[in-house]
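J.: sequence first, then the predicted structure:
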Amino acid sequence: MIQYGKQHICQDDIDAVVNVLQSDFLTQGPQVPLFESRLCQFTQAQHAVAVNSATSALHIASLALGVDKGDIVWTSPITFVASSNSALYCGAVVDFVDVELATGNMDMAKLRLKLVDAKRKGLLPKVVIPVHLAGHCCDMKSLAQLAEEYGFKVIEDASHCIGASYDDSPVGSCQYSDITVFSFHPVKIITTAEGGAATTNDAVLAKSMQLLRSHGVTRDELHTEHSDEPWYYEQQVLGFNYRMTELQAALGVSQFKQLTQLVSRRNILADYYSERLKTLNIDFVAPCEDSYSAWHLMIILLPKDIDRKAIFDQLREAGIGVNVHYIPVHTQPYYGQLGFKVGDFPASEAFYQRIITLPLHPQLEFAQLDYICEQLKSFIPR
């Protein structure tokens, strides 16, 4: 089976992990700060906080921005459930902003209309979480203008987007946001096996997230009551065990050496797909003009009248591990219990009905892409 996504592990990565296994620290050692330093260098952000998953990063980012019971958080329906679940963990009320049919990213025109209505009702969001679907950036300039006008904070869910750039700045620089969150799951651009991180340019937000990731406990003598006692630590807030291990961080540090090359390879493969499939009656979910995509996913939109399930099954039977990203969050049964229903966000639902994700990862060879394209052409009319 040709997998839709796959980690890229080289001998240097293996050696880096083995070195940690043979060292004095398996957790809370030097590798996590080193990984955070590499992330800051790459993204040009001033602070990075590494954690055990992007979900954890979204959660502590929301908490650091003061999201609490009854606050309102908006995100996209076309994402994994973690984007909205992280706000629910804080006791917030979650709502969604519909997407652009062409990109699957948050529609800024619809966001503006929703904000106008929310202001009239006194129900403006505290935080908006745009999701950079497939490694393609949202229109962050427009979003930042709306954030300033309506007074909400912004968390970029850049789980798909490490290695991308927008408006001549790396994603993660927080040029147009308060916090950016990354995922380092195995199918992402680079991996720490499981893991995530948040970047920010705000020292107060960084300090808050650092405290929250480790039980709310600190030994920092500048911030504790009994700094003269060398064994002393204190819990200052109710935090979580969201720490990244030294093994994960060492793998991440090693993976950073390949990041530029891996993203370049993904772009080459995406261009090859586009050229080979340009005669088909399909649409490509592609990057916006002011960006360089990380190309985490190759999502295409099938013709409206075609049987997507049949195409999916035929490609799987041909040994091609296609997938679908994503089922709209508001249609999930749990969210139905919160009052959402089919029909609430029609563009997201229309997008979902037409999409399929083709294999895209650096190990793919052009011969495999040729095979995938030929199989797809045999099932879809030109």
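T.: Yes, it's here. Numbers count the residues shown, from 1 in each chain.

J.: most distant residue from the middle of the protein?
T.: residue 228 (42.2 Å; Cα atoms, centre = their mean).

J.: tell me the SS of that residue?
T.: Of the three states, residue 228 takes coil according to DSSP: H, G, I helix; E, B strand; the rest coil.

J.: name the nearest residue to residue 369, sequence neighbours excluded.
T.: What sits nearest to residue 369 in space, not counting adjacent residues and going by Cβ to Cβ, 6 or more residues apart in numbering, is residue 272, at 5.6 Å. Every residue, glycine included, has its C-beta placed from N, CA and C.

J.: name the helices or strands packed onto the helix or strand encompassing that neighbour?
T.: Using DSSP states H and E, residue 272 sits within helix 259-276. Packing partners of helix 259-276 (3 or more Cβ pairs under 8 Å, 6 or more residues apart in numbering; DSSP states H and E): strand 298-301, helix 366-379.

J.: what is the burial count for residue 333?
T.: Applying other Cβ atoms under 10 Å, we find 6 residues neighbouring residue 333.

J.: same check, this time on the one 5 residues further on
T.: Look at residue 338: counted by other Cβ under 10 Å, it has 13 neighbours.

J.: what sits closest to it if chain neighbours are left out?
T.: In space, and not counting its chain neighbours, residue 338 is closest to residue 94: 7.3 Å by Cβ to Cβ, 6+ apart.

J.: related to what we said a few turns ago, could you dump the helices and strands packed on helix 259-276 to CSV with mean pLDDT?
T.: Below are the helices and strands packed on helix 259-276 laid out as CSV (pLDDT from 0 to 100):
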stretch, mean pLDDT
strand 298-301, 98
helix 366-379, 97
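
J.: buried deepest among those, which one?
T.: Most buried of the helices and strands packed on helix 259-276 by mean neighbour count (mean count of other Cβ atoms under 10 Å) is strand 298-301; its value is a mean of 23.

J.: note down every partner strand of that strand and its orientation.
T.: strand 283-284 (antiparallel), strand 355-358 (antiparallel) (DSSP bridges).

J.: which residue is nearest the centroid of the protein?
T.: By Cα atoms, centre = their mean, the chain has its centre lying nearest to residue 159, at 1.6 Å.

J.: in the stretch 201-350 of the chain, which ranges drop under the pLDDT threshold?
T.: 221-227 (pLDDT under 70).
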